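>>> task: produce atomic coordinates for the following.
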Amino acid sequence: MHNFVYHNPTKVIFGKGTIPQTGNETAAFGKRVLLVYGCLSAKSNGLLQRVIGSLEEAGCIVVEHGGVRSNPSLADVHIAIQSAKAENIEVICAVGGGSVIDAAKAISVGTCAEHDVWKFFTGKKSIRQKLPLIAVSTLAASGSEVNSGMVLTNDSTQQKFGFGHRLLHPEVAIMDPETTFTVPANYTAYGAIDALAHIMEFYMTTEQAGINVQDRYMEGLAKCIMESCDHVLLDSGDYQARASLMWSAALALNGLSAAGLGKVGFPMHLIEHSISALHNVPHGAGLSVVIPGWLKYQANQQPARMVQFFRQVFDIKEMSEVETIDCGISALTAWFKKSGAPVSLKELEIDAGEISQFAENALAQAKIWRMREYTQEKIESILELCTGANA
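Alright, predicted model coming up:
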């Protein structure tokens, strides 16, 4: 196991009935609040009004910024930054899933910067300060409420980039599983797939051997994510399953899963970002298409890690390595299908003729993430396995 430093400063308030604590937790950092939220759900299910009520009861002055879309845009973040500066905002409160929280993170650091916030994503500038951020999570998926990453789409350049920095951790994460009861079945599945991808990428890109504690941790989380998602899709109001899924997704990318692994990468996310940058498909739906193709390509690169994962997670026994990998990929793909997620570019209504464009689009992020082994040719080869031509 490699040496590592684990530091996660986010205070987590988890459980039923925790939303009323939002006001006091936010007010501890400032009274002038920018409330960031999405397009419809938080308003329609009454959550937004409950949060506003809690903020106002704590003496906060609330300035709203709604309409953050899935795959949040740089242009929208620019508007919010201007508003935050004009209104002398002291703290940000984000109510939503990973897209909303990612946008709020970009707003929090962009408000304190004298340059374009996009320069953080391209590696031209480093974060020095930010506004405090309170994250009220409403989706089990990215874990953005407890981690140091953010993703943003620049529509003018058609680039979707991810960026991480220790200052991007929210100060407080309020996680009430009941807020996820109204999440549609497809987005519940997409969120679970995103969380599963985080685990699989770390597990299958590390070259470190003898990491039993990390292996068992990640294998257990992967099983819990799939089992919890299955229960939720059968009964959307199953509190225990919702709670397990929400917490598992957070634990998948809060810094613990990668501790001690050494260098790891996000190849599935790298490729998916190019797809959703050019087509604005839901992130989890893009991942459910990319993952089987990446696994098929990677099967000859690090087969031992893949075999171990599939044997533990899918309880595959008495098969050769090749049979185990084939069985594992088939089992995972079948689970995606059962959950209602697409498993091919064809299902996303994307023509195979665009593969070259996707690969070229991904190269800029590969350079920033220091994943230069992902060349145009390699990415195209992986995407060819995602077409659904043989489905």
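>>> make it CA atoms for all contacts and neighbour counts henceforth
Will do.
>>> contacting residues for G97?
Listed by CA atoms under 8 Å, 6 or more residues apart in numbering, the contact set of G97 reads S137, T138, L139, A140, A141, S142.
>>> list the residues that contact the fifth one.
The neighbourhood of A141, defined by CA under 8 Å, 6+ apart, consists of G97, G98, Y190, G191, A192, I193, D194, A195, M246, A249, A250.
>>> equivalent analysis for the last one, please.
Contacts were defined as CA under 8 Å, 6+ apart; by that measure S142 touches G97, G98, G191, D194, A195, A249, A250, L253.
>>> mind picking the two most distant members of those residues?
G97 and L253 (14.4 Å; CA to CA).
>>> next, I174: secondary structure please.
Following DSSP: H, G, I helix; E, B strand; the rest coil, I174 is assigned to strand.
>>> quick one: it and T10 touch, right?
No - judged on CA atoms under 8 Å, I174 makes no contact with T10 at a distance of 10.1 Å.
>>> which of those two has more neighbours?
Looking at I174 and T10 with other CA atoms under 10 Å, you find the greater number of neighbours at I174, namely 24 against 20.
>>> ok, that one - contacts?
V12, I13, F14, T18, I19, T22, I134, A135, V136, S137 are the contacts of I174 under CA under 8 Å, 6+ apart.
>>> number of residues surrounding the closest residue to L167 other than its chain neighbours?
Excluding the flanking residues, the one nearest L167 by CA to CA, 6 or more residues apart in numbering is S148, at 6.9 Å. If you count neighbours by other CA under 10 Å, S148 ends up with 23.
>>> how much space separates A243 from V100?
20 Å (CA to CA, to the nearest Å).
>>> okay, those two: which has more neighbours?
With neighbours defined as other CA under 10 Å, A243 and V100 compare such that V100 has more, 29 against 22.
>>> what ranges does the stretch 251-391 of the chain have for its helices?
Assigned by DSSP state H, counting those that start in this stretch, the stretch 251-391 of the chain shows helices spanning 267-279, 283-298, 303-313, 321-338, 355-368, 376-384.
>>> next, format those as TSV and append mean neighbour count, distance to D116 and mean pLDDT.
Converted to TSV, those look like this (neighbours: other CA atoms under 10 Å; distance: least, CA to CA, whole Å; pLDDT from 0 to 100):
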stretch	mean neighbour count	distance to D116	mean pLDDT
helix 267-279	24	20	96
helix 283-298	24	25	97
helix 303-313	19	41	95
helix 321-338	17	38	96
helix 355-368	19	18	96
helix 376-384	19	29	97
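>>> good, we can wrap up now.
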